[in-house]
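A.B. asks: With the input below, show me the fold.
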Amino acid sequence: MKIYLSGAIEHSPDGGRDWRRGLARRLEELGHEVYDPAADERKNLTDEELREFRGWKATDPERFREAVRKIVAWDLGRIETETEAVAAFWDGAAARGGGTAAEITLAFRRGIPVYLVLGMSRTEASGWVLACADRVFDNLEDLCGFLATTED
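C.D. replies: Numbering: from 1, shown residues only. Coordinates of the predicted model:
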C-alpha cells in the first residue's frame with residue numbers, strides 16, 4: 001500500500017522528522033511504500049525557493065505565498081494521484097498549522113483511508129479531523145499493528 005505520512009512540519013520542533021523516520025522504517029518493513037513529505041524538501045522548488053522561502057514569510061510575503069503554493073500543490077497532488085492511505089499524526093503542532101488538516105480532509109473527500117494517530121487527548125483533538133479519519137489510534141505502535149494485518 002502507498003502511504004502518505006501527514007503531520008506537522010512548520011510548527012514541529014524537529015520539522016516533523018523523528019516520528020516519520022521511525023514510522024516509515026516500520027511500514028517499509030511491513031511491505032508498504034511510504035512518502036515522507038518532511039524528507040522531500042526539494043519537491044518542485046527552485047534552489048533559491050528552497051533556500052529562502054522560510055525567510056520570505058516575514059520579508060517578502062508574495063514570494064513566500066508563491067513558493068508555499070508550489071509545496072501545497074505538490075503535496076496535495078501526491079495524495080490525489082499516488083496515495084492509497086494517509087497515516088496522520090495529530091498533535092498540538094499539527095493543530096497550529098493548516099497542512100495536516102487539509103491533507104486529511106482531501107483524503108477523506110477522495111475516499112482515501114485516513115489512519116489518525118493522536119498525540120493529544122481525543123477531547124482536545126479537532127472534531128473535523130476526527131470525523132475525516134477512518135480509524136483513530138492512540139499511538140504509532142497500534143497503527144503499525146493494524147497496518148501489519150491490512151491487505152494492499
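
A.B. asks: What separation do you get for the residue of the chain positioned farthest from its centre and Glu48?
C.D. replies: In the chain, Thr59 marks the outermost C-alpha relative to the chain mean, sitting 26.8 Å out by Cα atoms, centre = their mean. Distance, Thr59 to Glu48, by Cβ to Cβ, to the nearest Å: 14 Å. Just so you know, the C-beta spots here come from the backbone N, C-alpha and C atoms, and that holds for glycine as well.

A.B. asks: sec struct for Ala39, please.
C.D. replies: Using DSSP: H, G, I helix; E, B strand; the rest coil, the structure places Ala39 in coil.

A.B. asks: actually Ala88, not the one I typed
C.D. replies: strand.

A.B. asks: quick one: contacts for it?
C.D. replies: Neighbouring residues of Ala88 by Cβ atoms under 8 Å, 6 or more residues apart in numbering: 5-7, 94, 100, 103-104, 114-117, 129, 133.

A.B. asks: Go through those and name the one nearest Glu29.
C.D. replies: Relative to Glu29, the closest of the contacts of Ala88 is Leu5; by Cβ to Cβ it sits at 14.9 Å.

A.B. asks: Phi and psi next, for Glu41.
C.D. replies: phi -70, psi -30 (degrees, to the nearest 10).

A.B. asks: That one contacts Leu50, correct?
C.D. replies: Yes. Using Cβ atoms under 8 Å, Glu41 makes contact with Leu50 at a distance of 6.4 Å.

A.B. asks: out of everything not next to it in sequence, what's closest to Asp138?
C.D. replies: Leu118 (6.0 Å; Cβ to Cβ, 6 or more residues apart in numbering).

A.B. asks: number of nearby residues for Val86?
C.D. replies: If you count neighbours by other Cβ atoms under 10 Å, Val86 ends up with 26.

A.B. asks: Can you name the residues that contact it?
C.D. replies: Ile3, Tyr4, Ser6, Ile79, Glu103, Ile104, Ala107, Ile112, Pro113, Val114, Tyr115.
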